[in-house]
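1. Here is the input, now give the coordinates:
(one chain, ligands or ions: 3)
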Amino acid sequence: MAKKDLDPNYNDPNYEPVVNESGNLPFASVLANRMERRALMKGSVGAVLLGVMGGAGLSVAGEGHRGNGHPSNHSRAHLNSRLGFAAVGVSTLNQVVVPEGYSARAFVPWGTPLTGTLPEFFDDGSNSGADQEQQVGMHHDGVHFFPIDLKNGGNSSSEGLLVMNHEYINQNALHPAGATTFADGSRPDDEVRKEVAAHGVSVIHIRQDAVGNWSVVHGSAYNRRVTGGTEMDIRGPARGFGKLVTRFSPDATTTRGTLNNCAMGPTPWGTYLAAEENWHGYFANGDPVRPKEHVRHGVGSASRYDWEKAAGGADEYVRFNASASGASASDDYRNEPNTFGFMVEIDPFNPAARPQKRTALGRFGHEGVIFAPVEEGKPVVCYSGDDSRFEYIYKFVSAKPYHAATADGSLLDEGTLYVARFNDDGTGVWLPLSLDDDGFVAKMNAAVAAGRVGDIAFDAPFSSQADVLVNTRLAADIAGATPMDRPEWGAVDPASGKVYFTLTNNSRRSPDDTNAANPQGPNPNGHIIYWREQGNKHASSRFVWDIFVFAGESGTETVVDGKSVVTLDDSNLFNSPDGLWFDYNGRLWIQTDGSDAPPYQNNMMLAADPRTRDIRRFFVGPVGCEVTGVVTTPDCRTMFVNIQHPRGNWPDVNVDRPRDATVIVTRDDGGVIGG
Ligand code: FEO
Ligand code: CA
Ligand code: CA
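-> Numbers count the residues shown, from 1 in each chain. Ligands and ions are numbered 1, 2, ... in the order given. Next up, the predicted model:
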């Protein structure tokens, strides 16, 4: 999400406080390694930076892509780039720009009739809440295409389920004249209903006709809306835990809705995990003292949309008041925020299945999730970033092995959650957040003895693994994780197994609190980090890492072992990398959510060849948007790209109201996108 757009006061230091005050800043080791640099950025304004240096044999890049030899700086020159298109320039146009020979058109915009009575979209904002519950939601984000025949072992590229997140809303576009607040501070019930319904997830059955045009299969039983009000189950260790008890669910087994769904991850068994990112802002807790489960996540005294003030006082909206107003937790919604911050599993092929909140994957500002390739009989491994300034990157390793014939979401209910520490020497370690780990318990007990973790009082050990998971950020502080520059999407290279993550930017990092993995203070433009797990085994507890590319203006140079590996120019300058996805042919797609000022202009999507670090701008979005969410059909011949929060009248010049939409990109000759 573009936090600057979501929160008008984003740059006000008092408005969105940095909530990680844990002090996990490994200064000493940074200093010790300043003379040993691997990935170095130079050539751009203010860039006097360091990277990391590993010992011999610790190179990330030098460990080969399976089947592709062992590319080195020398041999890279002999690899042909996987990118076969001519880069497009930056753009200020209020339209999508794609390379010559490609076409792009908007598809399934906000308000598209989807379920039930298929209510028509009215371009004056006058659709009701009930209409919105049956229409595609707003602010499209993470998206995946499930071939319609996936469950039968098929790989259709002409029919499937397009599943996407709707991260947040633009009240000015959603309603005829923006949000209404009555004199007493309350809000109209139907406006609140519509806002809740514009959030969540859409499952859209789509099909391509004989001449290649895609359309929604109206009347399909697969078409579905999951919203901020849909009932769902709590699964994993936090199910039944006292800190999730609410008036709605006194046994702490269910909750309502998923919110602020940013990126996602398709699971190896054909379901969809939607991330809950900036969910904290939907709740208001006006109590003089807030619990650590709220404080560490930024839940404050006021909510973003005042849903808790819906005039009719319905329970489904009152729940956004997270103050302790009743006699006990089962009389109020003091714990409602503790039922958010999870990855939510939705089975697109089973419209009757309730969404499942998978608590074993931790509770934080999940940007998304990315699964490592599964191997029969081995644990399931997935990675997830916590997108807030100075937050962390996590990895989950299932307790039970994967077996294709029986795999399902229950694999995500038992396992170990780890958090990453990026050492300054180019190595890294996964720190278990587990009461079964002696090292973690020792650190926790030390924190109890100190009485605090950073600014947060901590006077008793976690009572259970559920307590650890509900307080994932605090547990990661205790473990000694490396605070990152806002981890956004991750991607795993299907050829090499290397894991890539975007670190979008960090305006608050000061020059003296950098670490080798986040070497810029401040970091206005972001970078992409990558690592290789020890032995190429994703369940390993150790890894080696480096920086793939520093974002920035023309001339920004990424230097590895003294050799320049990327120098950005007009064909690929970019900032604030966010969306990241490996397509089925091993191309890495990079999407941006930066300022739309020169030299970057409108947000964009670039393609990279991970072997050569050839990077080219492929796509530029319309004015004011963020480009977020990308997937192709299995044959890589149809690409779906989401455009979030456009300004003005995109995509329809005749409608004076912006509509988030998916863009379908095809090659005019029917070829592979990007090739
Ligand atoms: Fe929703 Fe971190 O972007
Ligand atoms: Ca994002
Ligand atoms: Ca972002």
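2. Over to Gly579. Which of the three states is it?
-> Of the three states, Gly579 takes strand under DSSP: H, G, I helix; E, B strand; the rest coil.
3. Against Asp141, how distant is it?
-> 9 Å (CB to CB, to the nearest Å). Any C-beta I mention is one placed from the backbone N, CA and C, and that applies to glycine too.
4. Could you name every residue contacting both of the two?
-> Listed as contacting both Gly579 and Asp141 by CB atoms under 8 Å, 6 or more residues apart in numbering are 263, 628-629.
5. So which residues on the chain come close to ligand 3?
-> 578, 593 (CB under 5 Å from the ion).
6. From the contact counts, what lies against the lengthiest helix in the chain?
-> Ranked by residue count under DSSP state H, the longest helix found in the chain is helix 438-450. For helix 438-450, the elements it packs on are strand 427-432, helix 472-479, judged by 3 or more CB pairs under 8 Å, 6 or more residues apart in numbering; DSSP states H and E.
7. count of residues packed around Ser215?
-> 11 (other CB atoms under 10 Å).
8. That one: what secondary structure?
-> Per three-state DSSP, Ser215 ends up strand.
9. For it, which residues are in contact?
-> 206-207, 209.
10. Report the beta-bridge partners for Tyr418.
-> Tyr418 has the following beta-bridge partners by DSSP bridges: Lys395, Pro432.
11. my read: it touches Trp430, true?
-> Yes - using CB atoms under 8 Å, Tyr418 is in contact with Trp430, at 3.7 Å.
12. Identify the residue nearest the most centrally placed residue in the chain in space, chain neighbours excluded?
-> Closest residue to the average C-alpha location of the chain: Glu367 at 2.4 Å, with CA atoms, centre = their mean. Using CB to CB, 6 or more residues apart in numbering and skipping residues adjacent in sequence, the residue nearest Glu367 is Asp387, 4.2 Å away.
13. and what of Val559?
-> Sequence neighbours aside, Leu40 is the residue nearest to Val559 in space, at 4.2 Å (criterion: CB to CB, 6+ apart).
14. Name the residues of the stretch 301-450 of the chain found near ligand 1, please.
-> Listed as neighbours of ligand 1 in the stretch 301-450 of the chain under the rule CB under 6 Å from any ligand atom: 367, 387.
15. pLDDT value on Asn20, please?
-> Note on Asn20: pLDDT of 75.
16. any idea how far Phe440 is from it?
-> Counting by CB to CB - Asn20 and Phe440 are separated by 18 Å.
17. coming back round to it: most neighbours out of the contacts of Ser215, which is it?
-> The contacts of Ser215, ranked by neighbours (other CB under 10 Å): first place Ile206, 24 neighbours.
18. Residues of the stretch 51-200 of the chain that sit close to ligand 1?
-> Taking CB under 6 Å from any ligand atom as the criterion, the neighbours of ligand 1 within the stretch 51-200 of the chain are Glu167.
19. Let me see the contact set for the residue of the stretch 51-200 of the chain found nearest ligand 1.
-> Residue of the stretch 51-200 of the chain nearest ligand 1, by CB to the nearest ligand atom: Glu167 (5.6 Å). By CB under 8 Å, 6+ apart, the contact set of Glu167 is 1, 139-141, 199, 260-262, 277, 644.
20. Of the residues you listed, which ones also sit close to ligand 2?
-> Near ligand 2, by the rule CB under 5 Å from the ion, you find Cys262 out of the contacts of Glu167.
21. Between the contacts of Glu167, which sits nearest Ser128?
-> Taking CB to CB as the measure, Ser128 sits nearest to His199 out of these, at 16.0 Å.
22. In terms of helices and strands, where is the closest residue to the closest one other than its chain neighbours?
-> Spatially, and ignoring its direct neighbours in sequence, His199 is nearest to Gly228 (4.1 Å; CB to CB, 6+ apart). Assigned by DSSP states H and E, Gly228 falls within no helix or strand.
23. so how far is Val641 from the residue in the stretch 251-400 of the chain that ligand 3 sits nearest to?
-> Going by CB to the ion, ligand 3 is nearest to Asp387 of the stretch 251-400 of the chain, at 6.7 Å. Per CB to CB, Asp387 is found 20 Å from Val641.
24. before we move on, what about Thr567?
-> Look at Thr567 and Val641: by CB to CB, they are 27 Å apart.
25. When these two are compared, which one has more neighbours?
-> Taking neighbours as other CB under 10 Å, Thr567 and Val641 compare with Val641 leading, 29 against 15.
26. right, and that one touches Ala661 too?
-> No - using CB under 8 Å, Val641 makes no contact with Ala661, being 9.7 Å away.
27. from the stretch 201-350 of the chain, which residue is nearest to ligand 2?
-> Counting by CB to the ion, the stretch 201-350 of the chain gets nearest to ligand 2 through Cys262 (4.9 Å).
28. is it fair to say that residue lies in a strand?
-> Yes - residue state for Cys262 (three-state DSSP) corresponds to a strand.
29. What's the separation between Thr502 and Leu588?
-> 11 Å.
30. Which one of these two is surrounded by more residues?
-> Neighbour totals were compared for Thr502 and Leu588, and Thr502 leads with 30 against 23 (other CB under 10 Å).
31. contacts for the helix or strand encompassing that one?
-> Using DSSP H and E, the element containing Thr502 is strand 499-503. Residues from elsewhere that reach strand 499-503 (CB under 8 Å, 6+ apart): 370, 372, 383, 385, 393, 484-493, 518, 523, 526-533, 548, 577-580, 588, 590, 610.
32. So which of those residues reach ligand 2?
-> Near ligand 2, judged by CB under 5 Å from the ion, the entries from the contacts of strand 499-503 are 488, 578.
33. Spit out the contact partners of the residue in the chain that ligand 2 sits nearest to.
-> Ranked by CB to the ion, the top residue of the chain for proximity to ligand 2 is Asp578, at 4.2 Å. Shown in contact with Asp578 (CB under 8 Å, 6+ apart): 488-489, 502, 504, 591-593, 626, 628.
34. How about the residues of the stretch 451-600 of the chain by ligand 1?
-> With CB under 6 Å from any ligand atom as the criterion, the stretch 451-600 of the chain comes near ligand 1 at residues 488, 578.
35. Now do the helices in the stretch 451-600 of the chain.
-> Counting by DSSP state H, counting those that start in this stretch, the stretch 451-600 of the chain has helices at residues 465-470, 472-479.
36. Pull out the CA atoms of the shortest one and give them to me as CSV.
-> By that I understand helix 465-470. The C-alpha trace of helix 465-470 is given here as CSV (Å, rounded to 0.1, in the frame of the first residue of the first chain):
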residue,chain,number,x,y,z
GLN,A,465,3.1,-20.7,22.3
ALA,A,466,-0.3,-19.0,21.5
ASP,A,467,0.9,-16.0,23.5
VAL,A,468,4.2,-16.0,21.6
LEU,A,469,2.4,-16.0,18.3
VAL,A,470,-0.1,-13.3,19.3
